[in-house]
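Enquirer: Sharing a sequence plus its predicted fold:
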2 protein chains.
Amino acid sequence: MNAVEGQARAVHGDTSRNALEDLTRLVTDDLARVNALILQHMQSPVALIPQLAGYILAAGGKRLRPVLTLASARLCGGDGGRSPSLAASVELIHTATLLHDDVVDESDRRRGRASANAVFGNESSVLVGDFLFSRAFELMTSDGSIDVLRILSRASAVIAEGEVLQLATANDLATTEASYLRVIESKTAALFAAACEVGAYAAERPDLGPPLAVFGRALGLAFQIVDDVLDYVASEARLGKAIGDDFRDGKVTLPVILAYQRGSEAERAFWRRCIEDQELEDADLDHAVGLLRQHRALDQSFEVARGFAAQAKAALLPLPISPYRTALSAVADFCVDRDF
Amino acid sequence: MNAVEGQARAVHGDTSRNALEDLTRLVTDDLARVNALILQHMQSPVALIPQLAGYILAAGGKRLRPVLTLASARLCGGDGGRSPSLAASVELIHTATLLHDDVVDESDRRRGRASANAVFGNESSVLVGDFLFSRAFELMTSDGSIDVLRILSRASAVIAEGEVLQLATANDLATTEASYLRVIESKTAALFAAACEVGAYAAERPDLGPPLAVFGRALGLAFQIVDDVLDYVASEARLGKAIGDDFRDGKVTLPVILAYQRGSEAERAFWRRCIEDQELEDADLDHAVGLLRQHRALDQSFEVARGFAAQAKAALLPLPISPYRTALSAVADFCVDRDF
């Protein structure tokens, strides 16, 4: 087992292996309310809407973002009165972006099964995404906090910006590490940050919003970098998507940027053919993984992710000591060591 | 010239011909602020976003919805302080839905030129639509009214519902007049209603919201029915889209429903081939227009629209007498008599 696989197999043992489950367990009751609210807000007399929304929401996912909102609220001393509706809004926004992402990426798989657009068509996925997005904002208005609406509408705009930027940098090996970080900061970390920050508002502790936003942002960066690494090393059963999806889509992620920088002229020609010209042969993915390992691009990407996880943990230090803080801190380690 | 063409050529003369221009003139200064706010809120460091947003927003359109918000606010005694940001939000939401509609309908023309998706691609249109939609909500949070956010987020969800329902009834000649009205009530009238209603909130006269919502809803229904009629009789230069688009897309609009109900068995077979099976020949559009005329389906659709315009005008009666009320009332007539 090499370093990368050791990483993917969670050498940190059972503690970090189950950190997300531990955190989720701490907010079980709140999360049950979140799930009920999501179910309620995806209803419509237009039958196709709950069908499609139910399809993608039932596919599960880890409910990571709403759990962050719930735990952040509890950490700030909230009683769980307001946080479930905000957590449900966060998950509805996330689900809407997944529906649109899969249309944009022409994905046919999501979480180990056919994507919603593959089953229901692109048109329905676009429109049901719009519906869920609108419902998320409607749900927030019932909470009544303009601050929360401002934070989550801004995050939504930033996500869309990140997705457009990703589209613009796709298939472009001139993408720098800084551009890559800007994309993932927008498309992933912004919603993690907002999910945590609104937890402070749910607990009526807006003063604790800033450190929680810093925590969420760093956690989101770590999470996305690891996601991009796992695209080259995880198995479909674990990640819920086929290995090499990003490679086939010509996405320029951190491992590719590092390997390309360090590659010989011949290697660079290989990356250009695969990523920029999208002329792929059967053995190319294996060869790409070989180059990533040879240049330690996967290990070093994990290192970068580990740095962000450390930032995330540090951001929690000014917050009250509690089981929630401990569990959130463990999730930061887990995001780097996970194999899902 | 037959009755329908007389209708389309604005037999009511110059007064109703220019009613929208008259109304727009009444709110010129407020509208200048709306345009500045729109320009400001479509900016992004990601260059493609202002490029694409500028392309669709520069294509113009009549700014009908924001003008309704501005005039409603003035009618309720508002000083134009808050209404421009709400009117800009309404137009941003409308623009986002246009971008997504063109992707869903696979349209390549909009307002007489290539649609944004035809120029920039479907992916970018989906994502920039999401961006503008988020920005609309962000702009509303700066206004600070939860009521406004509730009204417009609900309208947005209803629009998406209407679009999904339209997708589900496309190519289905069993669609009833009631289903058709439900679709256009959702996809068009809901935003007209919300645009007018939030004007009352901008003027801090929420008590005047309900009659304005009734006015906007009826106006939107009249507007959409006429739009659907003009698809069969207007010229591209005037309507800004090719005649027969709905026919080629197999959309079951009111004229088609009426002609199908009244058609012989042979005529019904013709409609089924064209609308349900989408097997179109060159002469089919002319034949369809002939059948619509023969069964007075266009005239009768205008009659239905005229009924909604009358409803709209009646809804204004409890509101204060003012030049704004007179101009809004004239716009209701104009929406039925327009030829754009």
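Expert: Looks like it arrived, so ask away. Numbers count the residues shown, from 1 in each chain, chains lettered A, B, ... in the order given.

Enquirer: what's near enough to touch the closest residue to chain B within the stretch 201-340 of chain A?
Expert: Among the residues of the stretch 201-340 of chain A, A:Asp249 lies nearest to chain B; the distance is 11.7 Å by CB to the nearest CB. Glycine gets a C-beta too; all of them are placed from N, C-alpha and C. By CB atoms under 8 Å, 6 or more residues apart in numbering or on different chains, the contact set of A:Asp249 is A:Asp105, A:Ala170.

Enquirer: Look up how far A:Thr176 lies from it.
Expert: Taking CB to CB, to the nearest Å as the measure, A:Asp249 falls 19 Å from A:Thr176.

Enquirer: So which residues on the stretch 51-200 of chain A come close to chain B?
Expert: Contacts of the stretch 51-200 of chain A with chain B, taken as CB under 8 Å from any CB of the partner chain, map to A:97, A:100, A:103-104, A:122-124, A:126-128, A:130-131, A:133-135, A:137-138, A:140-142, A:144, A:146, A:149-150, A:153-154, A:156-157, A:159-161, A:163-165, A:167-168.

Enquirer: A:Ile321 is in what secondary structure piece?
Expert: Assigned by DSSP states H and E, A:Ile321 falls within no helix or strand.

Enquirer: burial measure for it, as a count.
Expert: Other residues within reach of A:Ile321, judged by other CB atoms under 10 Å in any protein chain shown, total 10.

Enquirer: One more: A:Glu265?
Expert: 7.

Enquirer: Could you report the separation of A:Val214 from B:Gly77?
Expert: Applying CB to CB to A:Val214 and B:Gly77 gives a distance of 46 Å.

Enquirer: more neighbours, the two?
Expert: A count of neighbours by other CB under 10 Å puts A:Val214 above the other of A:Val214 and B:Gly77, at 19 against 14.

Enquirer: What helix or strand is that one located in?
Expert: Using DSSP H and E, A:Val214 falls in helix A:209-233.

Enquirer: Is any residue of that helix near chain B?
Expert: No: with CB under 8 Å from any CB as the criterion, chain B is not reached by helix A:209-233; the gap is at least 15.3 Å.

Enquirer: Can you give the distance of that helix from its chain's centre?
Expert: 7 Å (CA atoms, centre = their mean, to the nearest Å).

Enquirer: What residues of that helix count as buried?
Expert: A:209, A:211-233 (16 or more other CB atoms under 10 Å in any protein chain shown).

Enquirer: What's the end-to-end length of stretch A:265-284?
Expert: 17 Å (CA to CA, to the nearest Å).

Enquirer: what residues does it touch?
Expert: With CB under 8 Å, 6+ apart, stretch A:265-284 has contacts from A:171-173, A:247-248, A:250, A:252, A:256, A:259-260, A:263, A:287-288, A:291.

Enquirer: Among those residues, which are located in strands?
Expert: The members of the contacts of stretch A:265-284 all map outside strands under DSSP state E.

Enquirer: possible to save those residues as TSV with pLDDT and neighbour count?
Expert: Putting the contacts of stretch A:265-284 into TSV (pLDDT from 0 to 100; neighbours: other CB atoms under 10 Å in any protein chain shown) gives the following:
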residue	pLDDT	neighbour count
A:Asn171	90	17
A:Asp172	94	12
A:Leu173	95	18
A:Phe247	93	21
A:Arg248	91	16
A:Gly250	91	17
A:Val252	95	25
A:Val256	97	28
A:Ala259	97	27
A:Tyr260	97	21
A:Gly263	96	19
A:His287	96	13
A:Ala288	97	23
A:Leu291	97	20
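
Enquirer: can you name the two of these that are farthest apart?
Expert: Using CB to CB, the contacts of stretch A:265-284 span at most 20.7 Å, a distance reached by A:Asp172 and A:His287.

Enquirer: Among the contacts of stretch A:265-284, find me the one that's closest to A:Ser329.
Expert: Nearest member of the contacts of stretch A:265-284 to A:Ser329, counting by CB to CB, is A:Val256, at 30.6 Å.

Enquirer: where does the stretch 1-150 of chain A dip in pLDDT?
Expert: Applying pLDDT under 70 to the stretch 1-150 of chain A flags residues A:1-17, A:60.

Enquirer: Please enumerate the helices of it.
Expert: Under the criterion DSSP state H, counting those that start in this stretch, the stretch 1-150 of chain A carries helices at the ranges A:3-8, A:13-17, A:19-26, A:28-41, A:48-58, A:64-75, A:83-104, A:116-120, A:122-143, A:146-169.

Enquirer: most neighbours per residue, which of these?
Expert: Of all these, helix A:64-75 carries the top mean neighbour count, a mean of 28, counting by mean count of other CB atoms under 10 Å in any protein chain shown.

Enquirer: where's that helix relative to the chain centroid, distance-wise?
Expert: The answer for helix A:64-75 is 15 Å, by CA atoms, centre = their mean.

Enquirer: and the angle for that helix with helix A:19-26?
Expert: Angle of helix A:64-75 versus helix A:19-26, following axes from the mean of the first three to the mean of the last three CA atoms, to 10 degrees, is 50 degrees.
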